[in-house]
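Engineer: After the sequence you'll find the predicted model.
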Amino acid sequence: MDYLDHLFDGIDDSIHLDKEQKEAILCEDDKVMVVAGAGSGKTTTMAAKIKYLVEQKNIPPNEILLISYTNKAVLELKERIQKEFHLDVEIMTFHKLGYEILKKLGFHGNILSHSDELLKQIFFNLLSHDENFQKKVFEYFLYESNYPKVKKITYWSLKGRLYQYQKKELKEFENYHLTLLKEVMFQKEEAEIANQLFFKNITYYYRKEYPFNHSYIPDFTIENNGKIYYLELFPQKESIKDWILLERKKRIIRKIHEKYQTTLLELELKGNYLSTFSALLKNHNISEKPKTKKEIFDAIQSLKQDMIYKELVKNVISYIHNYRINGCKKQKSNQKKQLFLEITKIIYENYQLKLIQNNWIDFEDMIQKSYERLKDNNPFHFQYIIVDEYQDISKKRYDFLVRLVTTNQSKLTVVGDDFQSIFSFAGSDISYFFQFQKGNTKVLNITNTYRNSQTLIEEAGKFVMKNKRQWKKNLHSDKKLENPIRVYYYKDPKKCFKKVLEQLVKEYGEDLNIVLLGRFHFDLKEYLNYPLLFLENGKLKSNTFPQITFTFLTVHASKGLGFPHVILLNAKQGIYGFPSLKDYPMELEDVMIKDDSYPFAEERRLFYVALTRTKNTVSILCPFDSVSPFVLELDHKKEYFLEKITSYQNPECPNCGYPLIRNYWNSKGIEPLYECVNHRKKCGFQTNHLKYRIPIQSCKKCQNGYLIVKENKESVLLQCTNCDNHFLIQKKT
């Protein structure tokens with residue numbers, strides 16, 4: 001043990017191995033799992049174990065293999081083990097290892113590093129030259145799309161793409177549209193007019209601000225032969241009241257154009273209004289040069305302009321990659337999904353042909369082909385194999401690892417943290433983490449964390465372990481910090497962001513290093529506001545706080561990193577909130593890994609990762625009327641209510657007047673459930689019924705249920721969710 005106490009002398013005198021780390025280093029069992037919490041020094045532990053094996057156990061360095069998942073992680077491990085310790089140990093990714101095995105066994109091909117680009121190229125080549133493929137793609141788009149509408153009255157102009165090919169069939173699907181110029185239309189008729197303008201090769205702008213009166217926005221602005229025309233579409237109105245309002249609107253619009261002497265085109269949306277529209281253009285001498293079928297078809301092929309094609313290609317690529325990583329589990333299907341699979345099969349067969357013709361190997365084949373050849377040939381001999389970030393293991397990597405260990409008769413140590421398993425979209429399957437613990441496995445824990453404060457690590461651990469499937473851990477830290485988790489509720493995100501920075505500067509000084517975390521890449525956009533925060537040459541800067549160093553990362557990209565301070569930008573409810581309600585398209589259900597062990601299981605782990613990136617504070621930004629349910633669960637948090645709520649559409653809390661928001665998932669299992677944004681410590685009001693707004697109460701009779709509002713034809717009751725206990729509130733007359 002004295003040897004271990006001086007292992008880092010002259011390299012990093014600040015490192016002192018604790019008892020649990022030493023146990024992991026000395027463990028000689030054939031199959032070992034080291035469960036290491038966030039910021040617990042697992043890289044240090046792995047490096048120390050390798051140094052111990054070489055210097056104390058006399059294991060040749062070339063008979064030790066360390067596997068990690070990314071090139072970045074491999075470089076960090078090489079820096080410590082190969083450069084600092086001067087040990088020539090094999091350190092590589094799974095893919096690199098597979099490639100080295102194949103080279104040893106006689107493969108002399110080249111690595112295809114741009115497989116996604118090749119798949120895209122194949123897609124558009126087929127779309128340009130293969131009539132059978134064209135037909136399948138066009139038929140695929142005839143089915144109701146999965147793409148979200150902006151509002152209930154929004155239409156995606158799909159007709160612009162398919163009009164020349166499936167004219168008759170399109171009438172059944174014309175309520176779902178997307179223009180070739182990626183414009184979202186608020187009426188079906190607007191989308192049809194936009195398509196006509198596109199076909200006629202007339203320059204137009206949709207809902208562009210009128211330059212002489214900023215309160216008026218015409219439906220379309222048309223440019224032709226140096227002249228400007230403003231087009232207004234007037235729908236039919238059935239009721240007298242609606243007709244009167246429409247006529248009043250017409251008079252106002254006409255007066256605006258009369259005042260500024262601009263040309264107004266009026267189109268009544270009745271009868272065959274597309275023919276009327278063509279006549280209207282002709283009457284005003286608006287010249288048109290109709291696009292040829294080839295020009296329309298060429299526009300269809302444009303990946304840069306066409307969002308729906310981008311989405312289809314993206315889904316095809318995701319399907320192929322995940323199928324090759326984890327195989328396929330059959331789910332329910334329909335005609336649209338069947339067409340998708342046929343499209344994908346054609347692309348994949350062409351892709352495989354390209355690999356053979358060019359003697360290429362892609363990343364998935366590096367693992368699969370080396371796995372197949374390892375059965376009869378073993379070009380390496382590893383006595384010890386250590387796998388980093390084991391929680392990210394996928395099925396194919398797991399099978400490959402088992403065969404590698406078996407053929408080498410190696411001792412295997414895996415290091416990971418099930419709390420940080422967040423890459424299912426890339427094929428990771430957390431079930432293999434738990435499966436590893438079965439059988440004759442020595443499970444060790446490293447529980448001392450050197451990054452987070454004790455208050456934060458306790459709160460984050462309690463949060464993630466609400467999912468009972470997660471491995472129970474009791475992490476410890478010597479770092480004490482008051483209020484490491486701060487929650488800021490806002491109406492204006494930019495004002496809130498400035499307030500957070502002012503608070504941090506007040507406490508920690510101006511020389512700050514802050515990481516801004518977003519659930520999605522676009523979360524930063526809402527906070528860019530010169531001079532407070534802006535991008536310059538790809539770097540985030542602030543003239544208001546010039547000495548602060550800013551970094552923006554998605555939460556996924558931040559895993560494994562630590563920063564002095566963290567600001568989480570997107571703690572709200574919704575499809576693009578946190579947790580994200582966005583789900584995989586139906587086309588990908590067969591091949592995507594999904595953890596259904598607990599509501600939002602992986603999103604919960606992702607939120608844990610966000611909380612534990614900080615060495616000091618994590619500031620969470622929440623809109624008042626759409627707070628993330630994850631934030632509602634946190635107990636040990638300092639709350640800042642920056643503005644008095646006076647003008648929200650949300651119903652008011654009867655206790656304090658703050659807005660009530662719907663919590664779409666809650667530990668009580670009550671649906672619907674509305675909570676006061678003033679939260680537990682200040683208010684804590686919850687109800688299941690907005691009309692009566694009676695607070696939810698624990699049932700004293702059974703001790704396990706909750707008394708909630710229930711209505712029937714005769715009365716309104718408070719009724720227990722678990723037993724027959726109930727109380728009459730009022731009778732209905």
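Structural biologist: Now that the structure is in, tell me what you want to look at. Residues are numbered from 1 along each chain as shown.

Engineer: then whichever strand or helix holds Lys310 to CSV, C-alphas only?
Structural biologist: Assigned by DSSP states H and E, Lys310 belongs to helix 307-326. Only the C-alpha atoms of helix 307-326 are listed here, as CSV (Å, rounded to 0.1, in the frame of the first residue of the first chain):
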residue,chain,number,x,y,z
MET,A,307,-36.1,19.9,-45.2
ILE,A,308,-38.3,16.9,-45.6
TYR,A,309,-35.7,15.1,-47.8
LYS,A,310,-33.1,15.9,-45.1
GLU,A,311,-35.4,14.3,-42.5
LEU,A,312,-35.9,11.2,-44.7
VAL,A,313,-32.2,10.8,-45.4
LYS,A,314,-31.4,11.4,-41.7
ASN,A,315,-33.8,8.6,-40.7
VAL,A,316,-32.5,6.2,-43.3
ILE,A,317,-28.9,6.7,-42.0
SER,A,318,-30.0,6.4,-38.4
TYR,A,319,-31.8,3.1,-39.2
ILE,A,320,-28.8,1.6,-41.0
HIS,A,321,-26.3,2.6,-38.3
ASN,A,322,-28.5,1.4,-35.4
TYR,A,323,-29.6,-1.8,-37.2
ARG,A,324,-25.9,-2.7,-37.6
ILE,A,325,-25.1,-1.8,-33.9
ASN,A,326,-28.0,-3.5,-32.2
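
Engineer: Please pull up the helix or strand immediately following that helix.
Structural biologist: Per DSSP H and E, the first helix or strand lying C-terminal to helix 307-326 is helix 335-358.

Engineer: which residues sit against that following helix?
Structural biologist: 110, 112, 115, 118-119, 122-123, 126, 130, 133, 136-137, 139-140, 143-144, 312, 315-316, 319-320, 360-362, 365, 586-587 (C-beta atoms under 8 Å, 6 or more residues apart in numbering). Every residue, glycine included, has its C-beta placed from N, CA and C.

Engineer: One more: stretch 209-221?
Structural biologist: 190, 193-194, 197, 204-208, 228-233, 253, 256, 259-260, 262.

Engineer: so what's the spatially most central residue of the chain up against?
Structural biologist: Among the residues of the chain, the one closest to the centroid is Phe520, at 5.4 Å (C-alpha atoms, centre = their mean). Phe520 makes contact with 554, 570, 576, 580 under the criterion C-beta under 8 Å, 6+ apart.

Engineer: So which of the contacts of helix 335-358 are in strands?
Structural biologist: Among these, the members falling in strands (DSSP state E) are 110, 360-361.

Engineer: okay, those residues in JSON lines with pLDDT, neighbour count and distance to Gln331 next?
Structural biologist: Converted to JSON lines, the ones in strands among the contacts of helix 335-358 look like this (pLDDT from 0 to 100; neighbours: other C-beta atoms under 10 Å; distance: C-beta to C-beta, whole Å):
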{"residue": "Asn110", "pLDDT": "88", "neighbour count": "9", "distance to Gln331": "36"}
{"residue": "Trp360", "pLDDT": "93", "neighbour count": "17", "distance to Gln331": "32"}
{"residue": "Ile361", "pLDDT": "92", "neighbour count": "21", "distance to Gln331": "30"}
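
Engineer: can you tell me how far the residue nearest to the centre of the chain sits from Gln573?
Structural biologist: 14 Å (C-beta to C-beta, to the nearest Å).

Engineer: just Cys27 next, same as before
Structural biologist: Taken as C-beta to C-beta, the span from Cys27 to Gln573 is 45 Å.

Engineer: Who has more neighbours out of these two?
Structural biologist: Gln573 (24 against 14; other C-beta atoms under 10 Å).

Engineer: Leaving out chain neighbours, which residue sits closest to the more buried one?
Structural biologist: Of all residues not flanking Gln573 in the chain, Ser626 sits nearest, at 4.8 Å (C-beta to C-beta, 6 or more residues apart in numbering).

Engineer: if I read this right, the one you found contacts Ile575, doesn't it?
Structural biologist: No: counting by C-beta atoms under 8 Å, Ser626 sits too far from Ile575 to count as a contact (11.7 Å).

Engineer: Neighbour count for those two, which is higher?
Structural biologist: Ser626 (16 against 9).

Engineer: who are the neighbours in contact with that one?
Structural biologist: 572-574, 577, 661.

Engineer: Kindly recompute the last result at 10 Å.
Structural biologist: Counting by C-beta atoms under 10 Å, 6 or more residues apart in numbering, Ser626 touches 571-574, 577, 650, 659, 661-662, 677.
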